[in-house]
Structure formats: C-alpha cells, structure tokens
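Colleague: I would like to see how this sequence folds:
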Amino acid sequence: MQYLSDYRPKLFKDMFDKNTKGEESKDLCVTCRYHSSCIYIRNGEGPVHFCEEFEVHPYRHIIGCSNPVESKEIEENPVYGGLCKNCDNRKTCMNASPDRIIWHCEEYV
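Modeller: Numbers count the residues shown, from 1 in each chain. Predicted coordinates for the structure are as follows:
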C-alpha cells in the first residue's frame, strides 16, 4: 500500500522529515495551548496550517522573536481639538484623533 506522502516532492519530504524527528517546527503547533498533549503532532507527517483544536497559549514564546514590538501607550482621556473637543460622538468616531483638529464634520453632535 502506498501513501500520499510517497508522492511528495523531495524538497517537501525533507521538510516533513525534519518535523517528525522531534525538532521544533515552525507551524501552528508551536503556539498552541495543547502542544504537549496533542495527538496530531505525534501522528502527523508535516507542518500544520489549520487545526480545529487550536487555541493560542498565552505564555508560550515564539522562537526567534527576541525584540517584541513596543506598542504605543494609549491615553485614558486624550485631549481633542476643534469640533471633537465637545462632540458627543468623539469616543466612537473614526475621524476623531487627538493629533488632528477637525473644523468641518457631518457627524458632529
């Protein structure tokens, strides 16, 4: 009996062999919450790009990401200028921004 894996090109076969030998793979499983107890990892033959059981592990670090991107600090009560300063829609408005002043707006309330 022949399997689908027998028909894979050599390039992909080498990639799959590396992942099944127990080396750290760079697929969806790396950040999965159920990585340690997953049956698909033990029985799988290649990188996983979709899994119905997948959940992101909140504390699992991604290999090779030594410098995480720093996010901007969001102000609790930003200072608005122009019409946005006293508009009732400024918290949900897509045009309102503390770093620009708007003097003409159709959404002003």
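Colleague: how is the protein divided into domains?
Modeller: Following automatic domain parsing, one finds the domains of the chain at 7-64, 76-109.
Colleague: those domains: lowest mean pLDDT?
Modeller: Among the domains of the chain, domain 7-64 carries the lowest mean pLDDT, at a mean of 64.
Colleague: which strand residues bridge Gly82?
Modeller: Using DSSP bridges, the bridge partners assigned to Gly82 are Ile102.
Colleague: how far away is it from Lys91?
Modeller: Look at Gly82 and Lys91: by CB to CB, to the nearest Å, they are 16 Å apart. C-beta here means a position set from N, CA and C on the backbone, and glycine is covered the same way.
Colleague: please apply the same query to Val48.
Modeller: For Val48, the distance to Lys91 - CB to CB - is 41 Å.
Colleague: could you count how many residues lie near Ile102?
Modeller: 19 (other CB atoms under 10 Å).
Colleague: so what's it up against?
Modeller: Ile102 sits next to Gly82, Leu83, Cys84, Asn95, Ala96 when contact means CB atoms under 8 Å, 6 or more residues apart in numbering.
Colleague: emit the PyMOL select command for whichever of those residues are buried.
Modeller: This is the PyMOL syntax for the buried subset of the contacts of Ile102, where burial follows 16 or more other CB atoms under 10 Å:
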select buried, resi 83+84+96
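Colleague: which two among the contacts of Ile102 are spaced furthest apart?
Modeller: Greatest spatial distance among the contacts of Ile102 (CB to CB): Gly82 and Asn95, at 10.2 Å.
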